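Undergrad: What shape does this take:
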Amino acid sequence: MPSNPPSASGPHGSAGRQDYGNVPVIISAVLAAVAGVAVALFSTGGTERDFRWELGVAAACVTFIVSLLIFLLLIVTARPNPENLGKGTGIRRSFGSKPGAVDDDDRGFRPDDPDPR
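TA: Numbers count the residues shown, from 1 in each chain. Below is the predicted model:
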């Protein structure tokens, strides 16, 4: 049984998607390292006290997870609109109504109308 990979233009392909690779993971790791070192140094509070490495590790883990989630949510929501949304004329592009056809929306609104549908 031959296995055919999905084509780039198929329904399950990655047409129109950008490949970010490991960029979000690398940026999150750098932010986590900076936050971890900063928290470990600033929470020590001087040279006479012990170095607080456990607080630095905790801050680095939290920073890594939160920044990675933010980057991935931004990537998921940055999806381009479908091409068919830009087609058509007039203000009713999504209805698909024919030009010159009368819709319920063409009646207009009258405040004294007993049936304001």
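Undergrad: Secondary structure element holding Ala35?
TA: helix 23-44 (DSSP states H and E).
Undergrad: From the rest of the structure, what touches that helix?
TA: Outside helix 23-44, the residues that touch it by CB atoms under 8 Å, 6 or more residues apart in numbering are 50-53, 55-61, 63-64, 67-68, 71-72, 75. (Each C-beta comes from the backbone N, C-alpha and C, glycine too.)
Undergrad: 6 Å instead, please
TA: 51-53, 55-56, 59-60, 63-64, 67-68, 71 (CB atoms under 6 Å, 6 or more residues apart in numbering).
Undergrad: quick one, the lengthiest helix in the chain and helix 23-44 angle?
TA: Counting residues, the longest helix found in the chain (DSSP state H) is helix 53-77. Here helix 53-77 runs at an angle of 150 degrees relative to helix 23-44 (axes from the mean of the first three to the mean of the last three CA atoms, to 10 degrees).
Undergrad: In helix 53-77, which of the residues would be classed as buried?
TA: By neighbour count with 16 or more other CB atoms under 10 Å, helix 53-77 contains the buried residues 56, 59-60, 63-64, 67-68, 71.
Undergrad: count of residues packed around Leu45?
TA: That one is not Leu; residue 45 is Gly. 10 (other CB atoms under 10 Å).
Undergrad: What of Val25?
TA: 15.
Undergrad: Can you pull out the low-pLDDT segments for this protein?
TA: 1-17, 84-117 (pLDDT under 70).
Undergrad: give me that answer again for 50
TA: Low-confidence segments of the chain, defined by pLDDT under 50: 7-13, 106.
Undergrad: Secondary structure class of Arg49, three-state.
TA: Three-state call for Arg49 (DSSP: H, G, I helix; E, B strand; the rest coil): coil.
Undergrad: burial count for it?
TA: For Arg49, the neighbour count with other CB under 10 Å is 9.
Undergrad: List the backbone torsions phi and psi for it.
TA: phi -100, psi 170 (degrees, to the nearest 10).
Undergrad: That one and Ser67: what is the separation?
TA: 29 Å (CB to CB, to the nearest Å).
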